[in-house]
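A.B. asks: Below: sequence and its predicted model.
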Amino acid sequence: MLELKNVSKKVGEVYHIRDVSMRLEKGSLNVLLGPTLSGKTTLMRLMAGLDKPTEGDVLVNGKSVVGVPVQKRNIAMVYQQFINYPAMTVYENIASPMRIAGVDKKTLDQKVRKAAELMKLGDFLDRLPLNLSGGQQQRTALARAMVKDAEIVLLDEPLANLDYKLREELRIELPRIFAETGAVFVYATTEPHEALLLGGKTATLAEGRVSQFGETISVHNKPVDLQTAQTFSDPPLNLLEVKKVGNQFEFDGQTVSVTGQLDALSDGAYKIGVRPHHVFLNKPSTPALSVKAHVSTSEITGSESFIHVEKNGYRWVALTHGVYRVETGDELALHLDPENFFVFGQDNKLVAAPAKLQGE
Amino acid sequence: MAKITLDKLAHSYLPRPKSDADFALKEIDHVWDDGGAYALLGPSGCGKTTLLNIISGLLVPSKGNILFGEQDVTHLQPEQRNIAQVFQFPVIYDTMTVAENLAFPLVNRRVPKDEISRRVSEMIEILDLGDKAHKKAKGLTADDKQKISLGRGLVRHDVNAILFDEPLTVIDPHMKWQLRTKLKELHRQFEHTMIYVTHDQTEALTFADKVVVMYEGEVVQIGTPEELFDEPAHTFVGYFIGSPGMNVIPADVNGRVAQIGNTKINLQKAYPSLSGNVELGIRPEFIKLTGDDAGLPVQVTSVEDIGRFKIARANINGVTLDTVLPEGGSVPAHPKAIIDPEKINIYKDSHLVKGEA
């Protein structure tokens, strides 16, 4: 088990990581989700012991490891930019941690071949890394991390430089492969979709802070604040500022009546987040806030359409099934069902999430 | 702007290629429309970069010719081709301001001063860089730098084509949406011929009028996003486009019936009796899981909740069958898969077989 207790990292006067506390269980998959510069890599380096925290403590199985050099800790790390030994074959690259650990020949051979098979490198064991594609080089680095039997496996955007489809396959495979080893598994990514596909637990990062840490789908469905919701929405979350008066939400002269938890909110101003697939182009049978907006651009993928619109300075996107053709400048009516509202107070804290979504 | 003719192009990196397998780019013969937006899509090693390098002039093809408009440019250097290029990593001058960076390609070509300032301010507005126009590029974020790279590619109006090589790969997801829609608006406004290389299907499908799907050195399909989704010409296209990709299931096909194991599926079209490697292709979106008696009995092995939908992975006669459940949907107790017969495609040796109505 890996535990961070009130960990901060200051560089000069600037906090790169601020007051992070997390407990990562053995055999668990933990995603660090956040944009570039949100602190993912810094946090991983602190977990690995490559950097010392300015404040706070890092514990492995209850014992502080601050100051223990990384060589003395049982850690495997894979970076976005694949790193291999250029003069060694793929086989030797994968075998290298076991050679250092003095693993016997037979076990070593078995483990190299098993890792190579899982990473689809079986045909390339005799090649040098530079004669492989980027994807194959990264899989070599991943296979080396696998055979190490590390207690803590840290993967820093390991699939970012790989083909889209290969990523899709490895995303399914990686959690299974590493779950078998029983390690604490940490995976950094900028992509919400990737976090959801990996499952496990997710910590959302913004500006060096962990805003939320919990079951991935729970964080997605019940984000504690606006920033977490935005970090966890792709396409971007649509935002609108509404007023609640009595049992009605009002926006731009239009109103919709609300019930249940939304009706229970006190009167006042709120921010509403609506995910793009909940912006309807056809009026639903349930009460909905109907807003007219102008199309700024549309994107059609063949199976889905993204309609980007503008309304009084707001930029929204609607995601709809199938092919939906509109022209730039067209006026469209968008329908928002309060059932799908994420409601935030003026302090940006969540006050209501869609009741139908599962989460804590 | 110009149409681009790829006249029986092929390329091998070997001095004396013997067989088809020696070609990194197998013969391709196409005309791309003036003002069109094309995406070259495929996995690494598929030949898309080779093709782009032939178009930009970094490579002279082993066979065939390339024409911009009516001019044969096969042996011209990149700088003689009048093209603009945007790469994966920003190529800008750190010591220049944003505005100076954008003006640079125009100053180089001796565009009149007032026209330069007009176009530069137009581009700054389009890219939302107004507040940074007179800042040095050095202190900007990677996203802003890449915006400037895009702007430098787009600021010239007289180019034959603009080539993009994975321009959004290193950009954060939120900024990707912004930059992509910007590119799209710019294309509509200026009608440049654009060629965009990517391995990301969403980028390719949303950007391009026509997507050129490449696989092992070959162009396996050129089509609109809808065509690629509805009627993949090759099982690779079905797999590569869509997330998850198309299910490809071994089947026996005869007339209007396909047989998977013991189950018969009626088809909307008639097929000749097919031999060889015959497969049925169906996208996960067009399979429903029900608890009714009708349909193919399947075992669901896992369900992944990815927010706006769920992926249920099922097993049918030992073959994996991906299906998509709506948000909040669940798997029935004894699931049966119902395949929408209108959406079935039939493949022989990986190539689409057109049935008769």
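C.D. replies: Looks like it arrived, so ask away.
A.B. asks: going forward, measure contacts between C-alpha atoms and count neighbours the same way
C.D. replies: OK.
A.B. asks: Spatially nearest residue to the closest residue to chain A within the stretch 151-300 of chain B (excluding sequence neighbours)?
C.D. replies: At 3.8 Å from chain A, B:Glu226 is the closest residue in the stretch 151-300 of chain B, using CA to the nearest CA. Nearest residue to B:Glu226, sequence neighbours excluded (CA to CA, 6 or more residues apart in numbering or on different chains): A:Gly302, at 3.8 Å.
A.B. asks: Ranking helices and strands of chain A by mean pLDDT, which lands last?
C.D. replies: Within chain A, no helix or strand scores below helix A:164-181, which has a mean of 81 by mean pLDDT, DSSP states H and E.
A.B. asks: For it, buried residues please.
C.D. replies: A:164-165, A:167-168, A:170-171, A:174-175, A:178, A:181 (16 or more other CA atoms under 10 Å in any protein chain shown).
A.B. asks: give me every residue that touches residue 220.
C.D. replies: Just so you know, I chose chain A. Residues near A:His220 by CA atoms under 8 Å, 6 or more residues apart in numbering or on different chains: A:229, A:232, B:307.
A.B. asks: The chain in question should be chain B.
C.D. replies: B:212-214, B:233-234, B:237.
A.B. asks: pLDDT below threshold where in the stretch 51-200 of chain B?
C.D. replies: Residues of the stretch 51-200 of chain B meeting the criterion pLDDT under 70: none.
A.B. asks: residue ranges of the helices in it, please?
C.D. replies: Here the stretch 51-200 of chain B has its helices, by DSSP state H, counting those that start in this stretch, at B:98-108, B:113-126, B:142-154, B:173-190.
A.B. asks: okay, these, which one's buried deepest?
C.D. replies: Greatest average neighbour count among the helices of the stretch 51-200 of chain B goes to helix B:142-154 (a mean of 22), per mean count of other CA atoms under 10 Å in any protein chain shown.
A.B. asks: which secondary structure elements does that one contact?
C.D. replies: strand B:83-86, helix B:98-108, helix B:173-190 (3 or more CA pairs under 8 Å, 6 or more residues apart in numbering or on different chains; DSSP states H and E).
A.B. asks: can I get these in TSV with distance to chain A?
C.D. replies: Listed next are the helices and strands packed on helix B:142-154 as TSV, based on distance: least, CA to the nearest CA, whole Å:
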stretch	distance to chain A
strand B:83-86	18
helix B:98-108	22
helix B:173-190	6
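A.B. asks: closest one to A:Tyr79 among these?
C.D. replies: Across the helices and strands packed on helix B:142-154, A:Tyr79 has its closest neighbour in helix B:173-190 (19.2 Å, CA to CA).
A.B. asks: do you know which of the helices of the stretch 51-200 of chain B lies nearest A:Ala195?
C.D. replies: The closest of these to A:Ala195 is helix B:173-190. By CA to CA, the value is 12.8 Å.
A.B. asks: what residues are up against A:Arg127?
C.D. replies: By CA under 8 Å, 6+ apart, the neighbours of A:Arg127 are A:89-90.
A.B. asks: ok so, going back, got a pLDDT number for the residue nearest to B:Glu226?
C.D. replies: Per-residue pLDDT puts A:Gly302 at 86.
A.B. asks: Isn't it up against B:Glu231?
C.D. replies: No: under the criterion of CA atoms under 8 Å, A:Gly302 is not in contact with B:Glu231, lying 10.6 Å apart.
A.B. asks: For the stretch 201-350 of chain A, list the residues in contact with chain B, please.
C.D. replies: Residues of the stretch 201-350 of chain A lying close to chain B by CA under 8 Å from any CA of the partner chain are A:217, A:220-221, A:234-236, A:277, A:297, A:299-303, A:323.
A.B. asks: now, which of these lie within strands?
C.D. replies: A:297, A:299-300 (DSSP state E).
A.B. asks: any idea where the helices of the stretch 151-300 of chain A begin and end?
C.D. replies: Secondary structure of the stretch 151-300 of chain A by DSSP H, counting those that start in this stretch: the helices cover A:164-181, A:192-198, A:216-221, A:226-231, A:260-263.
A.B. asks: Could you point out which of the ones you listed sits nearest A:Asn348?
C.D. replies: Nearest of the helices of the stretch 151-300 of chain A (CA to CA): helix A:226-231, 5.3 Å.
A.B. asks: Mind listing what's buried along that closest one?
C.D. replies: A:226, A:228-231.
A.B. asks: tell me which strands and helices that helix is in contact with?
C.D. replies: strand A:201-206.
A.B. asks: May I have the residues that are in contact with A:Asn161?
C.D. replies: A:80-81, A:134-135.
A.B. asks: Equivalent analysis for A:His277, please.
C.D. replies: By CA under 8 Å, 6+ apart, the residues touching A:His277 are A:318-320, B:308.
A.B. asks: And those, which of them are buried?
C.D. replies: Buried, going by 16+ other CA under 10 Å: A:318-320, out of the contacts of A:His277.
A.B. asks: Tell me the one of those nearest chain B?
C.D. replies: A:Leu319 (10.4 Å).
A.B. asks: On the three-state scheme, that closest one is what?
C.D. replies: For A:Leu319, the assignment made with DSSP: H, G, I helix; E, B strand; the rest coil gives strand.
A.B. asks: do the same with A:Arg99
C.D. replies: Applying three-state DSSP: A:Arg99 is helix.
A.B. asks: what's the burial count for the closest residue to it other than its chain neighbours?
C.D. replies: Of all residues not flanking A:Arg99 in the chain, A:Leu108 sits nearest, at 8.0 Å (CA to CA, 6+ apart). Here the number of neighbours of A:Leu108 (other CA atoms under 10 Å in any protein chain shown) works out to 19.
A.B. asks: before we move on, back to that, just the contacts of A:His220 now: which is nearest A:Ala76?
C.D. replies: A:Phe232 (27.1 Å).
A.B. asks: Let me know the distance separating the closest one from chain B.
C.D. replies: From A:Phe232 across to chain B, the span is 10 Å (CA to the nearest CA, to the nearest Å).
A.B. asks: Report the contact partners of the closest residue to B:Pro332 other than its chain neighbours.
C.D. replies: Leaving aside its sequence neighbours, B:Pro332 sits nearest to B:Gly291 (CA to CA, 6+ apart; 5.2 Å). B:Gly291 is in contact with B:332-336, counting by CA under 8 Å, 6+ apart.
A.B. asks: List only buried entries from these.
C.D. replies: Among these, those classed as buried by 16+ other CA under 10 Å are B:335-336.
A.B. asks: so which helix or strand takes in the residue located most distally from the centre of chain B?
C.D. replies: What lies farthest from the middle of chain B is B:Asp293; by CA atoms, centre = their mean that is 39.9 Å. Counting by DSSP states H and E, no helix or strand carries B:Asp293.
A.B. asks: what about B:Glu27, which helix or strand?
C.D. replies: Short version, using DSSP H and E: B:Glu27 is in strand B:25-32.
A.B. asks: Show me what that strand packs onto, helices and strands only.
C.D. replies: Taking 3+ CA pairs under 8 Å, 6+ apart as the contact cut, strand B:25-32 packs with strand B:4-11, strand B:218-223.
A.B. asks: So which of those is the most surrounded?
C.D. replies: Of the helices and strands packed on strand B:25-32, strand B:4-11 is the most buried (mean count of other CA under 10 Å), at a mean of 21.
A.B. asks: Show me what it is packed against.
C.D. replies: Under the contact criterion of 3+ CA pairs under 8 Å, 6+ apart, strand B:4-11 touches strand B:25-32, strand B:63-68.
A.B. asks: Right, and chain B sits closest to which residue of chain A?
C.D. replies: A:Gly302 (3.8 Å).
A.B. asks: got the contact list for that residue?
C.D. replies: A:322-323, B:205, B:224-230.
A.B. asks: How about B:Phe286?
C.D. replies: The contact partners of B:Phe286, taken as CA under 8 Å, 6+ apart, are B:323, B:339-340, B:343.
A.B. asks: now the contacts of A:Asn161 as JSON lines including secondary structure and distance to B:Lys269?
C.D. replies: What follows is those, written out as JSON lines (DSSP: H, G, I helix; E, B strand; the rest coil; distance: CA to CA, whole Å):
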{"residue": "A:Gln80", "secondary structure": "coil", "distance to B:Lys269": "48"}
{"residue": "A:Gln81", "secondary structure": "coil", "distance to B:Lys269": "49"}
{"residue": "A:Gly134", "secondary structure": "helix", "distance to B:Lys269": "43"}
{"residue": "A:Gly135", "secondary structure": "helix", "distance to B:Lys269": "40"}
